[in-house]
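[1] What follows is a predicted protein model with its sequence.
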Amino acid sequence: MNYQAVLEQVAADIAPHIGAGRPAEYIPALAEVDPASFGMAVADLDGRVHGVGDWERPFSTQSITKVFALALALARGGDELWQRVGREPSGNPFNSLVQLEYENGIPRNPFINAGALVVTDRLQTLTGDASSEVLDFLRAESGNPDLAFDQKVAASEAAHGDRNAALAHFMADYGNMRNPVPTVLEHYFWQCSIAMSCRDLALAGRFLARHGLRADGSRLLTRSEAKQVNAVMLTCGTYDAAGDFAYRVGLPGKSGVGGGIVAVIPGQCALCVWSPGLDARGNSVAGVAALDRFTTLTGLSVF
Ligand code: GLU
């Protein structure tokens, strides 16, 4: 497969979508990004990376990091996590409180904010430093030792984090937090603030295309666990538009409000696309269009 040629074709075809939608504004530091940015990268199983547009420019990963936190929590602590968080699509916005009340403080899945807070809490218990665990993993898999937390984004998010604080306190009341809420929130905000490029993220997502094998050849997840993480990405990874994403793109994918989306073709490659303009559900407009075009042009999908 000539990925470079495909990426160039994709970029040309979706150019009219770039700039559509609106960058996230509820975290003020995210609203400062140029809405005309677009980048896309593919990392193959051997770690060769191809890219187009702004594929080497760092952006705010936000919820994309939830995939890596989940993988690490499963790798370090196994199945016990699933007693505290479900794995069904929520059908609700990612920061919604309502479902948590009638489901007794057990979030629907690890990719809505409530579920991700439980994962962070679990990783904190298992490692003593959840956000550094995620950052170290991302540095190792991307081969980029310069990856860092973005202090400005983390501070901006903490200053406007009342909704996440409400979710965490609510779950604590139901007995679904093991660490102090301020500690969990701090690690969650740090984790979301990590800045990475499409290149970095495509490389970091490669372990999911390699059925759980890390860049150095060691195993993070069993083949079965890698399948499970990919399955949760497919059903829950793109907010309450996961059905439409599966219909259009046909791949496990995880988006973030920074405008990035990571997608996986098991046994083939990992992809990352970034463009900050979001649709009403929180997914990058040009990003979804580009992945849609990629799977249409190549015929590669999980279906
Ligand atoms: N840090 C963001 C929040 O908690 C992540 C949201 C997202 O990317 O979905 O609101």
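    Thanks, I have it.
[2] State the pLDDT value of N109.
    Predicted confidence (pLDDT) for N109: 97.
[3] tally of neighbours for it?
    21 (other C-beta atoms under 10 Å). Every C-beta, even on glycine, is put in place using the N, C-alpha and C of the backbone.
[4] For the protein, which residue occupies the most central location?
    Closest residue to the average C-alpha location of the chain: I64 at 1.5 Å, with C-alpha atoms, centre = their mean.
[5] Please determine how far that residue is located from the ligand.
    I64 sits 7 Å away from the ligand, going by C-beta to the nearest ligand atom, to the nearest Å.
[6] Not counting sequence-adjacent ones, nearest residue to that residue?
    Once flanking residues are discounted, I64 sits nearest to G256: 4.3 Å by C-beta to C-beta, 6 or more residues apart in numbering.
[7] residues contacting the one you found?
    60-65, 192 (C-beta atoms under 8 Å, 6 or more residues apart in numbering).
[8] Let's see that with 7 Å instead.
    61-64 (C-beta atoms under 7 Å, 6 or more residues apart in numbering).
[9] Serialize those to JSON lines and add fields for secondary structure and pLDDT.
    As requested, the contacts of G256 are exported to JSON lines (DSSP: H, G, I helix; E, B strand; the rest coil; pLDDT from 0 to 100):
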{"residue": "T61", "secondary structure": "coil", "pLDDT": "98"}
{"residue": "Q62", "secondary structure": "helix", "pLDDT": "97"}
{"residue": "S63", "secondary structure": "helix", "pLDDT": "97"}
{"residue": "I64", "secondary structure": "helix", "pLDDT": "98"}
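[10] Find the nearest non-adjacent residue to P23, please.
    Nearest to P23 is P276, by C-beta to C-beta, 6+ apart, at 4.2 Å.
[11] Checking that neighbour next. Helix, strand or coil?
    Assigned by DSSP: H, G, I helix; E, B strand; the rest coil, the conformation of P276 is coil.
[12] What is the neighbour count of it?
    Neighbours of P276 (other C-beta under 10 Å): 29.
[13] What score does it have for pLDDT?
    So P276 comes in at 97 (pLDDT).
[14] The one 3 residues further on too?
    Per-residue confidence for D279 comes out at a pLDDT of 97.
[15] what does the stretch 51-200 of the chain put close to the ligand?
    By C-beta under 6 Å from any ligand atom, the residues of the stretch 51-200 of the chain that approach the ligand are 62-63, 94-95, 113, 157, 164, 192.
[16] ok, and the most crowded of those?
    Highest count within these by other C-beta under 10 Å belongs to C192, 31 neighbours.
[17] ok so, going back, as JSON lines, the residues of the stretch 51-200 of the chain next to the ligand with secondary structure would be great.
    Formatted as JSON lines, these follow (three-state DSSP):
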{"residue": "Q62", "secondary structure": "helix"}
{"residue": "S63", "secondary structure": "helix"}
{"residue": "F94", "secondary structure": "coil"}
{"residue": "N95", "secondary structure": "coil"}
{"residue": "N113", "secondary structure": "helix"}
{"residue": "E157", "secondary structure": "helix"}
{"residue": "N164", "secondary structure": "helix"}
{"residue": "C192", "secondary structure": "helix"}
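[18] so which pair among these is furthest apart in space?
    Maximum pairwise distance among those (C-beta to C-beta): 13.8 Å, between F94 and E157.
[19] Now distance to Q151 too, for the contacts of G256, in TSV please.
    Formatted as TSV, the contacts of G256 follow (distance: C-beta to C-beta, whole Å):
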residue	distance to Q151
T61	15
Q62	15
S63	19
I64	19
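[20] Going by distance to S132, which of the residues you listed wins?
    Nearest to S132 among the contacts of G256, with distances taken as C-beta to C-beta, is T61, at 15.2 Å.
[21] Is the closest one in contact with S193, as I believe?
    No: the pair T61 / S193 is not scored as a contact, 8.2 Å apart, by C-beta atoms under 7 Å.
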